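S.K.: sequence and predicted model, in that order:
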Amino acid sequence: MIKLCNIRKSFGDLEVLHGVSLEVSQGEIVSLVGASGAGKSTLLQIAGSLMRPDSGDVVVDGVSLSGLSDGALSEFRNRRIGFIFQAYHLLAEFTAVENVMMPMLIGGVGRGEAERRATELLDMVAMSHRRGHKPSALSGGEQQRVAIARALANNPAIVLADEPTGNLDTHTRDEIQNLFFELRERTGQTLLIVTHDEALSLRSDRKVVMQDGTIVR
């Protein structure tokens, strides 16, 4: 489902990824771990087409991203890649259901259909009772549940998560971890997760360890 082939990336004179290759299969949950500065988040952003590599290729769901124009890449990203971030990134002026609807509306889905699916997704993450609340009225765990629902809005091929439990207390962290695995069982979702959460990495199907811009294990 994800194939990263000999990815290199530099910022100025500093090369942060040194020919990294990685494959993630359909329905697999893979954790990407390592010390800060190892290149994990950079690799995740390249896998999600938020950043282009200097060399190498990214293939998502059989599509090579290097051959896509910026416009085609943006459309592919909206439809086929879901993102979950540590900071949630919900839009403050919109309710939970409106936040989940947003990727669908951007993709051209009608408002009625978008609201119906958003409501279903909020129910899936146990947040339908909070659908009309804005982010300021939600706890951190509730905001992350809404962010997970938003990531699934367009039925993406993959979901990429960057420290998704990093801002959560222990109890809420465990709930969000459980939710990832429940969603995989329900939807067959493929997840690549950057994390410092040892418990999450141990539960994953695979733990990939990065060090100094390379995969060491």
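M.R.: Cool, got the structure.
S.K.: most centrally placed residue in this protein?
M.R.: residue 160 (2.3 Å; CA atoms, centre = their mean).
S.K.: quick one: contacts for that residue?
M.R.: With contacts defined as CB atoms under 8 Å, 6 or more residues apart in numbering, residue 160 is in contact with 44, 47, 48, 81, 82, 83, 84, 191, 192, 193. C-betas here are computed from N, CA, C, even on glycine.
S.K.: for the fourth one, give the beta-bridge partners.
M.R.: Assessed by DSSP bridges, residue 81 has beta-bridge partners residue 158.
S.K.: likewise the last one?
M.R.: Listed by DSSP bridges, the beta-bridge partners for residue 193 are residue 31, residue 161.
S.K.: what about the strands in this protein?
M.R.: Remark: strands assigned in the chain by DSSP state E are 2-11, 14-24, 29-33, 55-60, 63-64, 81-85, 158-162, 190-194, 206-211, 214-215.
S.K.: what separation do you get for the residue nearest to the centre of the chain and residue 49?
M.R.: Using CB to CB, to the nearest Å, residue 160 is found at 10 Å from residue 49.
S.K.: cool, residue 197 as well?
M.R.: Distance, residue 197 to residue 49, by CB to CB: 25 Å.
S.K.: residue contacts, residue 82?
M.R.: 150, 151, 152, 153, 154, 156, 158, 159, 160.
S.K.: then residue 113?
M.R.: By CB under 8 Å, 6+ apart, the neighbours of residue 113 are residue 104.
S.K.: max-length helix in the chain?
M.R.: Counting by DSSP state H, the longest helix found in the chain is helix 170-187.
S.K.: may I see the strands of the chain organised as a markdown table, with distance to residue 129 and mean pLDDT added?
M.R.: Compiled in a markdown table, these are given as follows (distance: least, CB to CB, whole Å; pLDDT from 0 to 100):
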| stretch | distance to residue 129 | mean pLDDT |
| --- | --- | --- |
| strand 2-11 | 34 | 96 |
| strand 14-24 | 34 | 96 |
| strand 29-33 | 27 | 96 |
| strand 55-60 | 34 | 96 |
| strand 63-64 | 38 | 94 |
| strand 81-85 | 21 | 93 |
| strand 158-162 | 24 | 94 |
| strand 190-194 | 26 | 95 |
| strand 206-211 | 35 | 96 |
| strand 214-215 | 42 | 94 |
